[in-house]
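Enquirer: Sequence below, structure please.
(4 chains)
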There are 4 protein chains.
Amino acid sequence: MRDKFRPSHADFTYQQKFGLRDHRGGGRSSARETVGRVAAGAIAKKILAQRTTSGLGGVEIRAFLTQVHDITAPADALVNFPTLAEVEASPVRCPHLPTAEKMIERIKAVRSEGDSVGGVIECRVRGLPAGLGVPVFDRLEADLAKAMLSLPATKGFEIGSGFAGARLRGSEHNDAFENRSGAVRTATNRSGGVQGGISNGEEIVFRVAFKPTATILQLQATVDKTGASTELMGRGRHDPCVVPRAVPIVEAMAALVLLDHWLRQSAQCGTFKF
Amino acid sequence: MRDKFRPSHADFTYQQKFGLRDHRGGGRSSARETVGRVAAGAIAKKILAQRTTSGLGGVEIRAFLTQVHDITAPADALVNFPTLAEVEASPVRCPHLPTAEKMIERIKAVRSEGDSVGGVIECRVRGLPAGLGVPVFDRLEADLAKAMLSLPATKGFEIGSGFAGARLRGSEHNDAFENRSGAVRTATNRSGGVQGGISNGEEIVFRVAFKPTATILQLQATVDKTGASTELMGRGRHDPCVVPRAVPIVEAMAALVLLDHWLRQSAQCGTFKF
Amino acid sequence: MRDKFRPSHADFTYQQKFGLRDHRGGGRSSARETVGRVAAGAIAKKILAQRTTSGLGGVEIRAFLTQVHDITAPADALVNFPTLAEVEASPVRCPHLPTAEKMIERIKAVRSEGDSVGGVIECRVRGLPAGLGVPVFDRLEADLAKAMLSLPATKGFEIGSGFAGARLRGSEHNDAFENRSGAVRTATNRSGGVQGGISNGEEIVFRVAFKPTATILQLQATVDKTGASTELMGRGRHDPCVVPRAVPIVEAMAALVLLDHWLRQSAQCGTFKF
Amino acid sequence: MRDKFRPSHADFTYQQKFGLRDHRGGGRSSARETVGRVAAGAIAKKILAQRTTSGLGGVEIRAFLTQVHDITAPADALVNFPTLAEVEASPVRCPHLPTAEKMIERIKAVRSEGDSVGGVIECRVRGLPAGLGVPVFDRLEADLAKAMLSLPATKGFEIGSGFAGARLRGSEHNDAFENRSGAVRTATNRSGGVQGGISNGEEIVFRVAFKPTATILQLQATVDKTGASTELMGRGRHDPCVVPRAVPIVEAMAALVLLDHWLRQSAQCGTFKF
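Expert: Model (predicted):
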């Protein structure tokens, strides 16, 4: 790997940009760098958990797998906000255990072939008050999208109805407002908790797509540092599916984005409300 | 609309955050604000178009519709980089004309029912050299994702293989490197032009999902500013599908992100290469 | 002036950096650009004026001249916080009228010779609570210094004892704390209202040095755009002393810095105090 | 010191802002935090030293003491750019040795009385090309001023003629341009190397005023954390004059500011010059 570029890895682009790279473990392109994000996110989560607003408990963030390869949790299996225990009940961090078992089998099968698979993480946030975010540029969903696409191996982000929402009519998609116990709430949550860039007090719901791990234990066509055609056979310990390990990273980045916006909200409210 | 919140519009969240709102046209939540982005993007495009790197012409950015409601352009219809003329050949800005015609019919039908539909825009960039972007945080795809989700009515972003990539194996997804006319290129482009947060010299390809317009000319359940349940009937001129009009906005935001990263690249290369 | 560089003006550096310049009035280097700062500062002042903290009225900012050329207001003449009326009582904005009269005479004399003079503005802020600022990097005095040196024609900034403080011993310079009506206050104010980068609740007191106007109506040696030696005779309307007109600009920049720090303070206190 | 506030130290303001503080050594308010700045500055200096532009060697930064208490180096003693050896020839880092000896004596005398003194550091930069900086807001001198006032114990910043320049006429202050060996240069350097916020290719010359150390070994009036009047007797090892130790910190911050602006310059030139 010292002289050959792994297909779809950061090897080539890093070398191209910086004129050097550390091939051992990926160097700065390694997902190891996310350890600092998780550490910072842990503090952000603690602060958010203590935030209580009228009628709401603290802010709770929960990410989990809904898909590995083509195995997806059934839509009606994950209606409730999963507990941490439910997520951690299986090593793939899918709270729907029958699906989790299939995911584990698939990952084992893929590993035995020296191959890899991708997947999807869903993240939900409850207890967040309405009002976080801004109408233009730093919309709440924009900052969440950037935070998620800043993670290694991510290829997509969607919030609420996401890409499926593009297939709906307005009359099907709109979340009707209703008065529930004195609070303005929405009857459905296709908005995913944000409207016009600002949280509406409903659950934040977003999903992140992860591609299959680039490093596989199969022979692949590539080029070396001189540009000559060659082949590369991956070796060493490589995750056949990194997605379960990305769950705490997704939660950490969500916590950092939400706390940043809470700081901005406090700045504005604390200063401008007389 | 002065006293009632439009479902899935920014009305409620804006009022909740700022304690006031301008109901006429949406105020600062109106997509009218994007006019400044398009103006700035026009300058960025001109600069990018003049950038030439070895073997490449200037940078060219082209966005177009691939989907309205459930009408999608066939996958093999948009293989080539569309010309501006092809995009502008139909008012829905889908360069595959048979699909464009169906889209137009659908939008007409939906309008006649006072309803609305969403859609998907694809954006491609060619002529961008390898090396733009950074490995951590401000990854090229992260900044593109934020730029796109900062636009009104967007619910999703994906780059390259996107959400579909999560269904592939590594052996299917990886883009093999090859030497083409002396340059390191990839045989396929599931990466969408970025690897490890940095451009690899291939076409940047990303897609943005837009939800159906929130304002519809149908009776909807909602609440008013006092929180009381009520109904709202939209009136006035409202787009049944905003997606065709978002095409230049997507291009403008892409141009701004890419030029920003070019500035960063020049800063680093111009200063640190001796 | 189209082809010749005015000595000590931004002509040469602007041309050198950008490869072009607008010689008519200085273009972007003209102090006209500060009109936007004054407009924004007016809003910031209004907000600060409404801020009241325990025992304090709103924040009040007052800048005024203490020096023109070698004419300085006597040290004991400006002990009290001047009123706006006192500052505006003379066109040179020095609240000590005997000094103001001498300043006016001097400026008239200098103008008749086609020459110019510099001066010093002092700015005081009262009503600011203790706690604004941070210990490292964005210290309150650091942001004030940047704001002031970002103004045209400025050559120096000092807070509290300033350069004179370097001539004192610690035993002479230290501001003893005392309990005044239940509040922790300092007996003297050589600190100028900041300690360790953070406001201490006393008056903020800083001074800004302005050089004499570069454009003078005398013959000066210079070079033209080809680099050839030549002479330049200034023409047109040019202030022999810009300092009086800089008073509202200094106040505006101070207001913007202080409100920024107030926003940061609210962010932190509003979010982290449970 | 655990319960009493040291006069003119960050004790009170830090406690007031954060509700806690570490009295041992000053915690985050200690000048120990500058070690990171010096480390980063060392890298910046190395990069700047390698930058060569037409006719110039690399960028060189040299700071040194010109004043301790009321002992000042004679104006004509420091005309030439001092060598590092000259600066390091005495522990007070004043390259004019007769002055350095007097400074040392004074510091010894002051220490024996448990008192402290302040001083002034001058910093010069040579080899910097014309064109660094911008006309508005982030002017080169504005960023230098912020960098310097972000250092502990600083009370003032001046560039070129500084406060003394306010006492001059334009006809005395202006730096005439001349053609020297084909380059546009100034005959004098009252501008201190910047005009209109942008470097002009001459030596950058600025000075920073440091107050006397707050912690002295004498009995001082103060209050304790309950607000009660009390007295405090400083103990332990405390510098009677921190200024000599601030010399590398001033150089480091100057290097960081200049490299930042060089990065910005490269961004603009590398991207926009075709």
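Enquirer: so what does the longest helix anywhere in chain A touch, helix or strand wise?
Expert: Looking across chain A with DSSP state H, the single longest helix is helix A:243-272. Judged by 3 or more Cβ pairs under 8 Å, 6 or more residues apart in numbering or on different chains; DSSP states H and E, the packing partners of helix A:243-272 are helix A:34-50, strand A:60-68, strand A:119-126, helix A:140-149, strand A:204-210, helix C:243-272. In short, each C-beta sits where N, CA and C put it, glycine included.
Enquirer: Tell me if I am right that A:Pro98 is in a helix.
Expert: Yes: counting by DSSP: H, G, I helix; E, B strand; the rest coil, A:Pro98 falls inside a helix.
Enquirer: contacting residues around it?
Expert: Shown in contact with A:Pro98 (Cβ atoms under 8 Å, 6 or more residues apart in numbering or on different chains): no residues.
Enquirer: how deep is A:Leu132 tucked in, by neighbour count?
Expert: 27 (other Cβ atoms under 10 Å in any protein chain shown).
Enquirer: Next one: it from A:Arg139, what distance?
Expert: 10 Å (Cβ to Cβ, to the nearest Å).
Enquirer: Which residues are in contact with each of the two?
Expert: With Cβ under 8 Å, 6+ apart as the test, A:Leu132 and A:Arg139 both reach A:Ile198.
Enquirer: Pull out the buried positions in the longest helix of chain A.
Expert: In terms of neighbour count (16 or more other Cβ atoms under 10 Å in any protein chain shown), helix A:243-272 has its buried residues at A:243-244, A:246-268, A:270-272.
Enquirer: and that helix, average pLDDT?
Expert: For helix A:243-272, mean pLDDT is 94.
Enquirer: And it, how far out from the chain middle?
Expert: Computed by Cα atoms, centre = their mean, to the nearest Å, the chain-centroid distance of helix A:243-272 equals 13 Å.
Enquirer: Next, the angle strand A:119-126 makes with it.
Expert: 30 degrees (axes from the mean of the first three to the mean of the last three Cα atoms, to 10 degrees).
Enquirer: what angle do helix A:243-272 and helix A:34-50 make?
Expert: Going by the same axes, to 10 degrees, helix A:243-272 makes 50 degrees with helix A:34-50.
Enquirer: Show me what residue of the stretch 101-250 of chain A gets nearest to chain C.
Expert: A:Leu132 (11.2 Å; Cβ to the nearest Cβ).
Enquirer: Just the pLDDT for the closest residue to A:Arg167 other than its chain neighbours.
Expert: Of all residues not flanking A:Arg167 in the chain, B:Asp70 sits nearest, at 5.0 Å (Cβ to Cβ, 6 or more residues apart in numbering or on different chains). Predicted confidence (pLDDT) for B:Asp70: 97.
Enquirer: Distance of B:Asp70 relative to A:Leu258?
Expert: B:Asp70 is 34 Å from A:Leu258, by Cβ to Cβ.
Enquirer: quick one, what contacts A:Cys123?
Expert: A:Ile61, A:Arg62, A:Ala63, A:Phe64, A:Ile204, A:Val205, A:Phe206, A:Arg207, A:Val208, A:Val250, A:Glu251, A:Ala254 are the contacts of A:Cys123 under Cβ under 8 Å, 6+ apart.
Enquirer: Strands of the stretch 51-200 of chain A, residue ranges please.
Expert: A:60-68, A:71-72, A:119-126, A:154-159, A:177-180, A:183-186, A:194-195, A:198-199 (DSSP state E, counting those that start in this stretch).
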